[in-house]
Every structure is written in structure tokens, then in C-alpha cells.
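J.: sequence and predicted structure, then a few things I'm wondering about:
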Amino acid sequence: MFVGHYAAAIAIAATRPRKKGLLSYLSFCAVLPDLLMMTSSLFHTTLNYHADIGLLYCLIAVLAIGSLFRFERTHLYLGVLSLGLHLPLDYFYMSSDSTNLYAHPWMDFILESLLILTASFFFVKRHDIHSKKLKWFALAISLIILFQAFWNFYIN
Ligand SMILES: [Zn+2]
């Protein structure tokens, strides 16, 4: 799972309307293990960022960046929650045989897109976003889903 992780961030941000920058911070926390995994060759490391010391590094980064941007303690906890939810969401993608949902592009696309759209629905309902902001939000969500389609049907 990759873009589905944004759904966790969007859903959690929906519980804290009107907190500026929170959605960006939570999105960062939610995808951090995958981001580090993908860029780990740049750091010349093969560390597993989904467990052990790699996950601890993620936790430290989440708290450090949250503190740097002066988020209050509750929001730091939500960042940790976003990071924590990464693991159960990856659960169905762990095995490498055909029971791995990644092995089925349509299944993967539908699951991840549904997660994103459901979370976005709650986010928009809770945020009372005015039309211009809503346009940007809708554009971002469309790009995320487009990326998922690209991943499922072009790369794989
Ligand atoms: Zn992951």
C-alpha cells in the first residue's frame, strides 16, 4: 500500500478542523516509512523502516519535525498515530505470493482509492471548506488517485 496511507492522515485531520498545516504534517507522518524505504538507496542503507530501529528513526523524525513546526502535544500524538496506522494498513500487502493484494492491480486500485475517497468525504464534511480551497483539495486527491492508477496499470 502506498497512497492508501494518505487516507489515515486525511481521516485524522478531519477530527481537528481549522488546524493549519496539520493535514500536511499528518500526511508526512503517514507515508514516512515508505518514503524512507524508497529513498534508502540514497543513504546507502537497507534498514527496515517498518520495524525495529528503522521505525524508531521514523518516530524520532515525526516528533522532531512536529516540534520544529511548533505543533502542540496533541498534534504530535496524532502524528505518531498516523505513523502507527501505517503498519496495519500494510498488513494485507505483506506476503509475496498471490494473496498479496499488490498482485491484483484492480483490487489494489479500488481498495486504495476507496480509502482515500471515504476519508476525503469526512474531511470535506467536517472542514466546511470554502470553494477555492475545496478545488485545491479535490485536485490533490485526484492527483493521488491518478498516481495510484499509474502505479497499478502502467508501472506494474
Ligand atoms: Zn509501508
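T.: Now that the structure is in, tell me what you want to look at.

J.: looking at it, Leu36 is touching Gly54, isn't it?
T.: Yes: taking contact to mean Cβ atoms under 8 Å, the distance of 7.3 Å between Leu36 and Gly54 places them in contact. C-betas here are computed from N, CA, C, even on glycine.

J.: which residues are contacting the longest helix along the chain?
T.: Determined from DSSP state H, the single longest helix within the chain is helix 105-127. With Cβ atoms under 8 Å, 6 or more residues apart in numbering as the test, helix 105-127 has contacts from 1-4, 6-8, 10-11, 13-15, 17-18, 23, 101-102, 134, 137, 141, 144-145, 148-149, 152-153, 156.

J.: apply 6 Å and report the result again.
T.: Residues lying outside helix 105-127 but in contact with it, judged by Cβ atoms under 6 Å, 6 or more residues apart in numbering, are 3-4, 7, 10-11, 14, 17, 101-102, 141, 145, 148, 152-153, 156.

J.: repeat that for stretch 141-156.
T.: With contact meaning Cβ under 6 Å, 6+ apart, stretch 141-156 is reached by 3, 6, 105, 108-109, 112-113, 120.

J.: then it to PDB, C-alphas only?
T.: Once non-C-alpha atoms are left out, stretch 141-156 reads as follows in PDB (Å, rounded to 0.1, in the frame of the first residue of the first chain):
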ATOM      1  CA  ILE A 141      -7.000  13.900  -4.200                       C
ATOM      2  CA  SER A 142      -7.300  13.500  -8.000                       C
ATOM      3  CA  LEU A 143      -3.600  13.500  -8.400                       C
ATOM      4  CA  ILE A 144      -3.100  10.900  -5.700                       C
ATOM      5  CA  ILE A 145      -5.600   8.600  -7.300                       C
ATOM      6  CA  LEU A 146      -4.100   9.300 -10.700                       C
ATOM      7  CA  PHE A 147      -0.700   8.300  -9.300                       C
ATOM      8  CA  GLN A 148      -2.300   5.100  -7.900                       C
ATOM      9  CA  ALA A 149      -3.700   4.300 -11.400                       C
ATOM     10  CA  PHE A 150      -0.300   5.000 -13.000                       C
ATOM     11  CA  TRP A 151       1.300   2.600 -10.400                       C
ATOM     12  CA  ASN A 152      -1.300  -0.200 -10.900                       C
ATOM     13  CA  PHE A 153      -1.800  -0.100 -14.600                       C
ATOM     14  CA  TYR A 154       1.400   1.400 -16.100                       C
ATOM     15  CA  ILE A 155       4.400   0.500 -13.900                       C
ATOM     16  CA  ASN A 156       3.100  -2.900 -12.800                       C
END
